[in-house]
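> Here you go, sequence then predicted model.
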Amino acid sequence: MSANASAYKPVWDFSAASRQAVRNKTLRDALFRATGKFDDGRREIMATLPQSEQVREKARQIKDEVLANLDTYLAEFSERAEAAGAHVHWAANGEQANEIVVAIAREHGVRNIVKSKSMVSEETHLNDALGKAGLHVVESDLGEYILQVASDHPSHIVVPAVHRTKEEIADLFNNAFDADLPSEPTAITAFARKRLRDEFAGAEMGITGANFACADTGTIVQVTNEGNGRLSTTWPRVHVVFTGIEKLIPGLADLPVFLKLLARSATGQPLTIYTNLITGPRRTGEGDGAQELHIVLLDNGRTDVHGSGYHETLRCIRCGACLNTCPVYRAVGGHAYGGIYPGPIGSLLTPLYEGKRRFRHLPHASSLCGACYEACPVKINIPQMLIEMKADQAGEGMTPFFERMTFRVWSLAMRSKLFYRLGARFMRWGLLQFSRDGWASWLPGPFGGWTDHREFALPKDEPFHTQWKRLQEGEARAD
């Protein structure tokens, strides 16, 4: 568990949050439109990638190799990055990471900061820390900029403002900036571009994340679809890279494997618009680039996860494919999950990083259909780990009393022919009290969750095993 999870926080009620989300038709429409487009695009373009399964397997092997020797690769990356002129900082938790960035800003007299999209900085609440230190920080990714203006937070790993419609965004900008924008994406984008241009011109520091970090050269790889990533790394005199320790790959030779998968899995593109490789700060004679490069390597619970049965989650390359294909995420959106990382991967990461007890509902926020595993470019077996996390919860006494009792009775019935048959008879008798024409449209207590949205079929008067026995005896007599 990360240090951020040490203070007491109330248990997150996913059920209540998801019930509220599914009532929001605008949200549902926005989610289905965007995630459907991305998921369809992924399926189509992955089908055109030669030997796609072998590429996925290769990516899995590379990430597992790094995780098996993480200390060695971290040391190599740090040595090579510093040899190239970068300053490498180590942060055990989010608070330390934020303090490092604030200290760098103060050391260089920084007042204005532009920031490219970074889920790790969301994880540590970096913007809040910078604001409290009196620093002016502006998100330069369009989606993140929209959310910053709205005092909102991301609901998707790749498309942070996926839950907002163009009409909502136009109204937001019109109210915030006294503008008169139509609900037209081109006009909204042009307006944001004009405002952000001045922010870039006045920024002394740029903060970015890293999609990958190459150990053999100390190179940071940044993959984006907007020019803001490049402006954040080349215009300001100080560049700070904010990344988790799991983003390492062995070397530049391994990068093409992941570039083939990342954009295809995320948005259905063969390649993103910009792929930036940054090795050290600006050198003598170069026309652009930061004068100083600082790389903050964040643990924040990752070492604990690395040593657990959930180390597979550290393979994640944050493509969002599992979100786009998940029927639960597509119905409720990211905010219902209550943490920084939503969707199937978030149902694992959030309890691991922010507390299993606080987010004990998330492992159950899945149909276990397996779509996330099929979509994952690095073959993270999310369904299996969700089942394992449920087992951990049971072992740690987190399972509700009614659920424990229900499964104990079920277990007893399944081990005894007598109890099984008595239970079947009792269930049919009980359902008869609430049924009509063979269907129960209302059930009491905790069983009502099923009949709130569908009917429950009444079991047949003659159970299957009796029918089977009768048919077998009939065939035997016929012979």
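Looks like it came in fine.
> Please make it C-alpha for all contacts and neighbour counts, starting now.
OK.
> three-state assignment of the residue nearest the centre of the chain?
Central residue of the chain (C-alpha atoms, centre = their mean): Tyr341, 3.7 Å from the mean position. Here Tyr341 is recorded as coil under DSSP: H, G, I helix; E, B strand; the rest coil.
> pretty sure it is in contact with Thr350, am I right?
Yes - counting by C-alpha atoms under 8 Å, Tyr341 touches Thr350, with 6.3 Å between them.
> where along the stretch 351-479 of the chain do the strands fall?
Counting by DSSP state E, counting those that start in this stretch, residue ranges of the strands within the stretch 351-479 of the chain are 435-436, 439-440, 456-457.
> repeat for the chain
87-91, 112-115, 136-139, 205-208, 212-214, 219-224, 238-244, 248-249, 274-278, 292-298, 435-436, 439-440, 456-457 (DSSP state E).
> Quick check: which of those is nearest to Pro10?
Checking those against Pro10 by C-alpha to C-alpha gives strand 292-298 as the closest, at 25.6 Å.
> any idea of the mean pLDDT in the closest one?
For strand 292-298, the mean pLDDT works out to 98.
> ok, and what's touching it?
85-94, 97, 100, 237-245, 280-282 (C-alpha atoms under 8 Å, 6 or more residues apart in numbering).
> Ok, stretch 352-372 next?
1-2, 4-5, 9-15, 300-302, 305, 321-323, 325-328, 337, 339, 344, 347-348, 350-351, 382-383, 386-387, 389-390, 393, 398.
> per the record, what domains does this structure have?
Per the record, the chain has its domains at 3-304, 401-478, by automatic domain parsing.
> Lowest average pLDDT across those domains?
Note on the domains of the chain: domain 401-478 shows the lowest mean pLDDT, a mean of 81.
> and it, how far from the chain's centre?
39 Å (C-alpha atoms, centre = their mean, to the nearest Å).
> same question, stretch 178-186
30 Å.
> Quick check: buried residues in that stretch?
Leu181 (16 or more other C-alpha atoms under 10 Å).
> cool, and stretch 380-389?
380-383, 385-386, 389.
> now do stretch 97-112
97-102, 105, 110-112.
> Buried deepest among the domains of the chain, which one?
domain 3-304 (a mean of 18; mean count of other C-alpha atoms under 10 Å).
> mind listing what Trp439 touches?
Taking C-alpha under 8 Å, 6+ apart, we find Trp439 in contact with 455-458.
> Distance to Val159 added to the residues you listed, as JSON lines?
Shown next, in JSON lines, are those (distance: C-alpha to C-alpha, whole Å):
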{"residue": "Glu455", "distance to Val159": "37"}
{"residue": "Phe456", "distance to Val159": "38"}
{"residue": "Ala457", "distance to Val159": "41"}
{"residue": "Leu458", "distance to Val159": "44"}
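> Mind picking the two most distant members of the residues you listed?
Glu455 and Leu458, at 9.4 Å, using C-alpha to C-alpha across the contacts of Trp439.
> what do these two both touch?
By C-alpha under 8 Å, 6+ apart, Glu455 and Leu458 have these common neighbours: 439-440.
> My guess is Ala331 contacts Val22. True?
Yes - counting by C-alpha under 8 Å, Ala331 does reach Val22; the two are 6.3 Å apart.
> Glu99: what's it in contact with?
Glu99 neighbours (C-alpha under 8 Å, 6+ apart): Ala129.
> ok, Thr275 to Gly227 distance?
From Thr275 across to Gly227, the span is 10 Å (C-alpha to C-alpha, to the nearest Å).
> One more: Val378?
27 Å.
> what do you get for Ala68?
35 Å.
> chain center to stretch 303-322: distance?
11 Å.
> likewise stretch 48-63?
21 Å.
> Any chance you could list what contacts that stretch?
By C-alpha under 8 Å, 6+ apart, stretch 48-63 touches 46, 249-250, 254, 257-258, 261, 315, 377-379.
> If we use 6 Å, what do you get?
315, 377-378 (C-alpha atoms under 6 Å, 6 or more residues apart in numbering).
> Please identify, among those, the one with the most neighbours.
Of all those, the most densely surrounded is Pro377 (30 neighbours; neighbours counted as other C-alpha atoms under 10 Å).
> which residues sit in contact with that one?
Arg56.
> Now do it against Lys58, distance only.
Separation of Pro377 from Lys58 (C-alpha to C-alpha): 10 Å.
> related to what we said a few turns ago, farthest-apart pair in the buried residues of stretch 380-389, please.
For the buried residues of stretch 380-389, the farthest-apart pair by C-alpha to C-alpha is Ile380 and Met389; their separation is 14.5 Å.
> All good on my end, thank you.
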